[in-house]
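**Student:** what's the 3D shape of this:
(one chain, ligands or ions: 1)
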Amino acid sequence: MIKAEKLFFSYTGSPPYVLDGINLEIRDGEYVSVVGENGSGKSTLMRLLLKFIKPGSGSIVSQAKRIGYVPQKNDFSNSDFPITVYEALDSYRRLLKIKSKATIAENLEQVGMSGFRDALMGTLSGGQSQKILIARALMGNPDLLILDEPSTGVDVTSQKEIYAFLKKINQENGITIVSVEHNLAAAIANSTLIYHLTGGQGHLCTPRQYADEFLKNKAKDDRDDKNDIHA
Ligand SMILES: Nc1ncnc2c1ncn2[C@@H]1O[C@H](COP(=O)(O)OP(=O)(O)OP(=O)(O)O)[C@@H](O)[C@H]1O
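**Tutor:** Numbers count the residues shown, from 1 in each chain. All right, here's what the predicted structure looks like:
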């Protein structure tokens, strides 16, 4: 379970706050997509959950024993940094002090990337490297998986595979997922809950409620646009 209470955060330490007193409760086994406009604080909230940064005030408590993280940017995909898929995963295995090298093969197989063991990370497509990052995040057998925009730079086929995989590990292995999403269709189709951040505030709703709210706002925007044209 993750519980954030009256969470304030600003990068300068003073107002305006990126997160302006948010409350959030996520039960174990949920798949929560965090949505909101650019700059609304989605990645900041992930950094707080990961304890990379500390809140200005308020509390954030997580009972997760092991957290896996799939970052937005992939340093390995830089072709000037010649590292194979195996080396990338093996360095992480050593970092986590996992003894069995078999873990690497198991995790590659899980994401359907066994055939890419010796490929250079820099030669992989966006979808392929995202799958490797997911395999890496799963190496420590996490009970909480945090992802930052898993479909950015990923082709449509790989997106479908990645979301199907995330849904599977959430439903079958009970891994709690918190994922920053720009892909609203994917958020609605795959998550159990959606956390919508706007203006420093957030609210949790079901995918159905979020879709209704989105369509209502869109209809209003369309009406406003029409009125502007006729004015
Ligand atoms: N390291 C930083 N130092 C100072 N300001 C930052 C830093 N990181 C983010 N910000 C600012 O904090 C605000 C929230 O940024 P954040 O990256 O959390 O938003 P986001 O919702 O994830 O955006 P996007 O959808 O564009 O990725 C933005 O105004 C951003 O400019």
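
**Student:** How much space separates the residue nearest to the spatial centre of the chain from the ligand?
**Tutor:** Most central in the chain under Cα atoms, centre = their mean is Leu147, positioned 2.2 Å from the mean C-alpha point. Distance of Leu147 to the ligand, given as Cβ to the nearest ligand atom, to the nearest Å: 12 Å. For every residue, glycine as well, the C-beta is placed using N, CA and C.

**Student:** and if you look at Thr198?
**Tutor:** Distance from Thr198 to the ligand, by Cβ to the nearest ligand atom: 10 Å.

**Student:** any idea where the helices of this protein begin and end?
**Tutor:** Residue ranges of the helices in the chain, as given by DSSP state H, are 42-49, 85-95, 102-110, 126-138, 156-173, 184-190, 207-230.

**Student:** in the lowest-mean-pLDDT helix or strand in the chain, what counts as buried?
**Tutor:** Counting by mean pLDDT, DSSP states H and E, the chain has its least confident helix or strand at helix 207-230, which shows a mean of 86. Within helix 207-230, the residues scored as buried using 16 or more other Cβ atoms under 10 Å are Pro207, Tyr210, Ala211.

**Student:** Can you add distance to Leu197 and give those back as CSV?
**Tutor:** Listed next are those as CSV, based on distance: Cβ to Cβ, whole Å:
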residue, distance to Leu197
Pro207, 16
Tyr210, 12
Ala211, 17
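
**Student:** And Tyr11, its phi and psi?
**Tutor:** phi -70, psi -20 (degrees, to the nearest 10).

**Student:** any idea how far it is from Asn23?
**Tutor:** Taking Cβ to Cβ, to the nearest Å as the measure, Tyr11 falls 21 Å from Asn23.

**Student:** can you list the weak-confidence ranges in the protein?
**Tutor:** The chain contains residues with pLDDT under 70 at 73-80, 231.

**Student:** how about the helices of the chain, which one is nearest Arg27?
**Tutor:** Closest to Arg27 of the helices of the chain is helix 156-173 (Cβ to Cβ; 12.5 Å).

**Student:** Residues touching that closest one, excluding its own?
**Tutor:** Contact with helix 156-173 is made by 29, 31, 110-112, 125-128, 130-131, 134, 138, 145, 147, 150-151, 154, 175-177, 179, 183, 186, 189-190, 192, as judged by Cβ atoms under 8 Å, 6 or more residues apart in numbering.

**Student:** repeat that with 6 Å
**Tutor:** Tyr31, Gly127, Pro150, Ser151, Ile175, Ile177, Ala186, Asn190 (Cβ atoms under 6 Å, 6 or more residues apart in numbering).

**Student:** okay, the angle between that helix and helix 126-138?
**Tutor:** Angular relation of helix 156-173 and helix 126-138 on a 0 to 180 degree scale: 20 degrees, by axes from the mean of the first three to the mean of the last three Cα atoms, to 10 degrees.

**Student:** that older thread, dump the residue contacts of the residue nearest to the centre of the chain.
**Tutor:** By Cβ under 6 Å, 6+ apart, the residues touching Leu147 are Val70, Ser179.
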